[in-house]
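Student: For reference, the sequence and a predicted model appear below.
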Amino acid sequence: MNNFKWKWQDSAIVILGLITVGYALINYNRLPELLPAQFGLTGKVNKYWDKDTLISVLGALGILLPVLLQFTRSIDPKKENYSKFENAHGMIRLAIAVLLDTALVLSVSYGLDKDFPAGKVLIAALGLMFMVIGNFMPQVKHNYFLGVRTPWTLASPEVWRKTHRLSGMMWAGAGILFILGALLPNVWAIPFIILGLLLSIIVPLVYSWLVSTRLEK
């Protein structure tokens, strides 16, 4: 793994992950046997896991994420491009890890107090993560593991560049919609969140195809 580069973001991810697991373990005996593992668009719990599984899975992901993503970097055929977006790569890893840590903290907090609006807070946290990733997405260079990977972006560095420039704006906009959805009543929350998903997933996909088609003419 000659391309492995440990950054300050990785240290922050590990420290925050350990603090998060510590919070869960300190409150372990006060927790019910089942904790929320999935929330719906309105913030209501859709699925429960036993607390041992949930703490283990989310805790492990939050701590091991930098190593896992650094490994994919080391095996990427385009690994030489990572040096061109080191900070963006680190900040995106940090944003994802913080979201996982937040999910564990919120699940534990809900277990301690079922009146705590954990689902709504998680949707808002997801919005913040989308805004952070959207800010750094235009900096992400051609690779096989991180970014908007469609047949057209992977086939052309120019399609990749243009798609990620637009995707950054779409993800930031989606993040704002998620936060608004978390703050608004459920009747408005669902349309806002669905619109955010369409902006961040469908629009970049279609746009990459349109750009590729235009460049081929």
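Tutor: That came in fine, so what should we check first?
Student: what's the span of stretch 19-35, first residue to last?
Tutor: Using C-alpha to C-alpha, to the nearest Å, one end of stretch 19-35 lies 19 Å from the other.
Student: Please compute how far that stretch lies from its chain's middle.
Tutor: Here stretch 19-35 shows a centroid-to-chain-centroid distance of 23 Å under the convention C-alpha atoms, centre = their mean, to the nearest Å.
Student: what comes up buried for it?
Tutor: T20, V21, Y23, A24, L31, L35 (16 or more other C-beta atoms under 10 Å). Where you see a C-beta, it was placed from the backbone N, CA and C, and this is true even at glycine.
Student: Can you verify my assumption that L16 contacts V98?
Tutor: Yes: with contact defined as C-beta atoms under 8 Å, L16 counts as touching V98 (6.6 Å).
Student: Which of the helices or strands spans the residue nearest the centre of the chain?
Tutor: Among the residues of the chain, the one closest to the centroid is I96, at 4.1 Å (C-alpha atoms, centre = their mean). Following DSSP states H and E, one finds I96 within helix 86-112.
Student: Which of the residues in that helix are classified as buried?
Tutor: For helix 86-112, a neighbour-count test (16+ other C-beta under 10 Å) marks 88-111 as buried.
Student: again, but for stretch 161-175
Tutor: Using 16+ other C-beta under 10 Å as the test for burial, stretch 161-175 gives K162, T163, H164, L166, S167, G168, M170, W171, A172, G173, A174, G175.
Student: what does it rub up against?
Tutor: With C-beta atoms under 8 Å, 6 or more residues apart in numbering as the contact definition, stretch 161-175 has outside contacts at 126-138, 140, 147-148, 150, 152-153, 195-197, 199-200, 203-204, 207-208, 211.
Student: and it, how far from the chain's centre?
Tutor: 14 Å.
Student: Flag every buried residue along the least confident helix or strand in the chain by mean pLDDT.
Tutor: Scoring the helices and strands of the chain by mean pLDDT, DSSP states H and E places helix 51-75 at the bottom, with a mean of 89. For helix 51-75, burial by neighbour count (16+ other C-beta under 10 Å) applies to 51, 54-55, 58-59, 61-63, 65-66, 69-70, 73.
Student: And the pLDDT at N29?
Tutor: With respect to pLDDT, N29 scores 96.
Student: do the same with the one 4 residues further on
Tutor: Listed pLDDT for E33 reads 96.
Student: For V105, see how far away it is.
Tutor: Look at E33 and V105: by C-beta to C-beta, to the nearest Å, they are 19 Å apart.
Student: before we move on, what about G59?
Tutor: Look at G59 and V105: by C-beta to C-beta, they are 11 Å apart.
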